[in-house]
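> Give the three-dimensional model of this entry:
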Amino acid sequence: MQTRRIGDAQVSAIGLGGMPMSIEGRPDEARSIATVHAALDAGITFFDTADAYSLGGPETGHNETLIAQAVHSWGGDTSDVLIATKGGHLRPGDGSWTVDGRPEYLKQAADASLKRLGVDAIGLYQFHRPDPTVDYADSVGAIRDLLDAGKIRYAGISNANPEQIRLADEILGGRLVSVQNQFSPAFRSSEPELELCDEMGIAFLPWSPFGGISRAAELGNRFAPFAAVAADKGVSPHVLTLAWMLAKSPVVVPIPGASRPSSIQDSATAVDVKLTVEEMAALDAA
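Here you go, the predicted structure:
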């Protein structure tokens, strides 16, 4: 598996997003653990989770616990595995999603994630989503304090715009290592953030790279150039999409969600797909 850099860590160029294993329509625990094990078998060493990936309420942290259990039970060498989690986005238990960017809450959430992951320091901790009722600098300041206290190894932000990326890096004293934004053939509005991350040498982690759980199966039908190039390469449109993202910049680390071993095994093959300049132009124009 090819590697890319997040902070000083070398991680697999393709990660695994754990969200589908813990929200509505999730598989049973055995299949989820098998999916994580399949990812590790394929050389994937980067896993993305969040305390909010659950059905809400008392289930908060479900995916963090699941990912930690699966990684720890794999049986192989996991010393190079980096688990990223997030705080500041909540599921109260009524089906809704809310935000809480108060510094005191983020610090409490990080402490809870630390325990669920069973580690001395969280590998990568990200401020999940801006809270319009809290000054962004104050929220990121809490992440800085966690970094200074040694409770987290690396600091990142999610769902951020270019101004917030620059501000976060300033508050963190140049220690911002990642930005996790939505990005897919259907959602291209994060191009400026991707370009800024490339310029700054910060990892860009596209979430929902296939356009979301409910629409992932339609990827090839919605974007004909992706289907056409995929057919020429003998790969799925999903693999082609990940290869396109990887080719856009060396800072990109896609994190496709998966809830079946076969899905993440397919995604892992994207690192072997090479695209020509002409193919990239066609895909970029889709």
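
> okay, now Gly75: neighbour count?
8 (other CB atoms under 10 Å). Just so you know, the C-beta spots here come from the backbone N, C-alpha and C atoms, and that holds for glycine as well.

> i'd like the first residue to be 392 from this point on
Done: numbering now begins at 392, and the last item shifts to Gly466.

> what's the spacing between it and His480?
Gly466 sits 32 Å away from His480, going by CB to CB, to the nearest Å.

> Repeat that for Pro521.
From Pro521 over to His480 the distance is 10 Å, taken as CB to CB.

> Any chance you could list residues touching both of these two?
Val490 (CB atoms under 8 Å, 6 or more residues apart in numbering).

> quick one, phi psi at Val490?
When read as degrees, to the nearest 10, the backbone of Val490 gives phi -130, psi 150.

> Helices of this structure, start to end?
Remark: helices assigned in the chain by DSSP state H are 420-432, 453-463, 494-508, 527-539, 553-562, 582-591, 610-613, 615-624, 628-639, 652-659, 668-675.

> And for the nearest residue to Ala659 once chain neighbours are set aside, the neighbour number?
Excluding its sequence neighbours, the residue lying closest to Ala659 (CB to CB, 6 or more residues apart in numbering) is Ala433, at 3.9 Å. Ala433: 19 surrounding residues under other CB under 10 Å.

> Could you check how many residues crowd around Gly592?
Neighbour number of Gly592 under other CB under 10 Å is 10.

> What about it? Give its phi and psi, please.
phi 70, psi 30.

> what residues are up against the nearest residue to it once chain neighbours are set aside?
Nearest non-adjacent residue to Gly592, counting by CB to CB, 6+ apart: Val642, 6.7 Å away. Listed by CB under 8 Å, 6+ apart, the contact partners of Val642 are 395-396, 585, 588-589, 592-595.

> Please repeat the previous calculation with a cut-off of 7 Å.
Listed by CB atoms under 7 Å, 6 or more residues apart in numbering, the contact partners of Val642 are 588-589, 592-595.

> which of those residues lies closest to Asp485?
Nearest to Asp485 among the contacts of Val642, counting by CB to CB, is Phe595 at 32.8 Å.

> in terms of contact, does the closest one touch Val643 like I think?
Yes - between Phe595 and Val643 a contact is recorded at 5.1 Å, counting by CB atoms under 7 Å.

> any common contacting residues for those two?
The overlap between the contact sets of Phe595 and Val643 (CB under 7 Å, 6+ apart) consists of Leu585.

> So which of those two has more stuff around it?
For Phe595 versus Val643, the count of surrounding residues by other CB under 10 Å is larger for Phe595: 25 against 22.

> count of neighbours near the closest residue to Ser530 other than its chain neighbours?
In this structure, Ser530 finds its nearest non-sequential neighbour in Gly492, 3.9 Å apart by CB to CB, 6+ apart. By other CB under 10 Å, 23 other residues sit near Gly492.

> Tell me who's in contact with Gly492.
Contacts for Gly492 (CB under 7 Å, 6+ apart) come out as 479, 521-522, 525, 530.
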